[in-house]
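[1] Have a look at this prediction, sequence included:
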Amino acid sequence: MFDSLVHTVLGFVNQYGYVAVFVYMVLETSFILHFVPSEIVVPFAASQLVHDPVSFVLFDVDATAGATVGSYVAYMLFGRYGERVLERYGYLIHVSERDIERSQAVFLRYGESSVFWARMFPLLRALISIPAGLAEMEMRRFVLYSAGGAALFNTGLTYLVYTGSGTTSPLGVVLNLIRAEIAGDIVYVQLHARFVIILLGLTGLLAAVVWMARDWIRVNPNAAKLVVLHVIRLVGLLIGGIFIIGALLSPQHSFTVITSVWNDPRVWVRLGFSDQLALLLTGLLFGFGGLGIYELGQLLRLSHVRSLFERLSSRFRE
């Protein structure tokens with residue numbers, strides 16, 4: 001029965017592509033098909049759908065989105081109705097009391113960070129949602145940790161399949177891009193010396209402001225953190241909005257103007273995207289990047305960072 005179920009899932013993936021991958025990942029991480037392992041389905045799907053760097057990224061995003069949605073479903077289900085659902089329907093989702101106790105032990109020992117790294121281990125990848133839900137872990141942190149762990153897991157499996165299929169290695173693509181960027185930056189500094197000097201001046205001015213406000217920052221660290229996060233979010237949304245508006249109104253002209261002072265959007269063009277898509281993707285990265293940093297910064301407690309640095313420094317002294 002297990003073999004036939006696996007073959008059925010693989011058949012759907014072969015027929016419906018990205019949609020089937022997304023649906024399967026949702027079903028697996030929400031405990032409906034968690035006994036059909038990702039270690040089989042994801043590599044097979046990657047071998048069918050991943051052929052170049054663009055499809056590599058699309059596949060990774062698709063699988064990670066499905067895993068995150070499924071994890072969220074399990075989190076909500078077990079967080080609200082945990083004991084009752086496990087007691088009545090645990091046999092249907094093939095979860096034993098021993099599995100639950102094992103996942104709870106991991107969560108209690110390693111804390112909320114286990115939601116991140118447990119996504120990379122068989123069985124525990126889906127089970128970790130149960131203790132997180134029962135402990136009523138903060139939803140935003142749960143989603144971020146789940147998405148990060150799922151992204152690493154999917155990227156690793158996809159990378160192994162991609163590099164083993166005779167296609168250009170993603171690592172080689174990245175290294176080539178880095179080399180091209182370094183060479184381009186050298187040329188950029190030579191051609192835009194005045195603009196670089198202005199940027200260095202603004203950076204120095206910002207450093208001077210921070211230095212002058214160091215006493216206030218030391219007394220009000222949380223308020224200072226909020227100011228920085230608001231500025232990052234505002235700048236990200238502003239720059240992202242400029243890129244997106246330029247892409248929609250006059251993509252070729254906007255691309256020419258922007259890349260005359262900033263080379264980075266050309267990376268998307270090297271990957272095969274048009275000028276308009278390059279601007280749109282760069283704008284979305286800025287916008288969502290600013291929002292993501294703001295949300296992550298809200299979750300980050302300065303006291304935890306301070307205690308971490310103190311522990312690291314004490315170990316270093318020892």
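    Yes, it's here.
[2] Could you list the low-pLDDT ranges of the stretch 1-150 of the chain?
    In the predicted model of the stretch 1-150 of the chain, residues 1-11, 33-36, 79-102, 104, 106, 110, 123 satisfy pLDDT under 70.
[3] what are the ranges of the strands in it?
    In the stretch 1-150 of the chain, no strands are defined using DSSP state E, counting those that start in this stretch.
[4] Domain ranges for the chain, per the record?
    When the chain is parsed with automatic domain parsing, its domains come out as 2-164, 213-317.
[5] Let me know which of the ones you listed is the nearest to residue 205.
    Ranking those by their distance to residue 205 (criterion: Cβ to Cβ) puts domain 213-317 first, at 12.7 Å. All C-beta atoms are positioned from the backbone trio N, CA, C, and that covers glycine.
[6] Residue 278 touches residue 269, doesn't it?
    Yes. With contact defined as Cβ atoms under 8 Å, residue 278 counts as touching residue 269 (5.3 Å).
[7] Look at these two and report which has more neighbours.
    Shown here are residue 278 and residue 269; by other Cβ atoms under 10 Å, residue 278 has more neighbours (24 against 14).
[8] show me the contacts for that one.
    Counting by Cβ atoms under 8 Å, 6 or more residues apart in numbering, residue 278 touches 255, 265, 266, 267, 268, 269.
[9] Buried deepest among the domains of the chain, which one?
    Among those, ranked by average contacts under mean count of other Cβ atoms under 10 Å, first place goes to domain 2-164 (a mean of 18).
[10] looking at the domains of the chain, which is closest to residue 198?
    With Cβ to Cβ as the criterion, residue 198 lies closest to domain 213-317 of the domains of the chain, at 10.2 Å.
[11] ok, so what distance separates the closest residue to residue 138 other than its chain neighbours from residue 109?
    Among residues not flanking residue 138 along the chain, residue 299 sits closest, at 7.6 Å (Cβ to Cβ, 6 or more residues apart in numbering). Per Cβ to Cβ, to the nearest Å, residue 299 is found 21 Å from residue 109.
[12] returning to that earlier point: could you check the pLDDT of the residue nearest to residue 138?
    Looking at residue 299, its pLDDT reads 75.
[13] so it makes contact with residue 144?
    Yes. Between residue 299 and residue 144 there is a contact under Cβ under 8 Å: 7.4 Å.
[14] quick one, what contacts the residue positioned nearest the centre of the chain?
    By Cα atoms, centre = their mean, the chain has its centre lying nearest to residue 148, at 4.8 Å. Residue 148 makes contacts with 116, 119, as judged by Cβ under 8 Å, 6+ apart.
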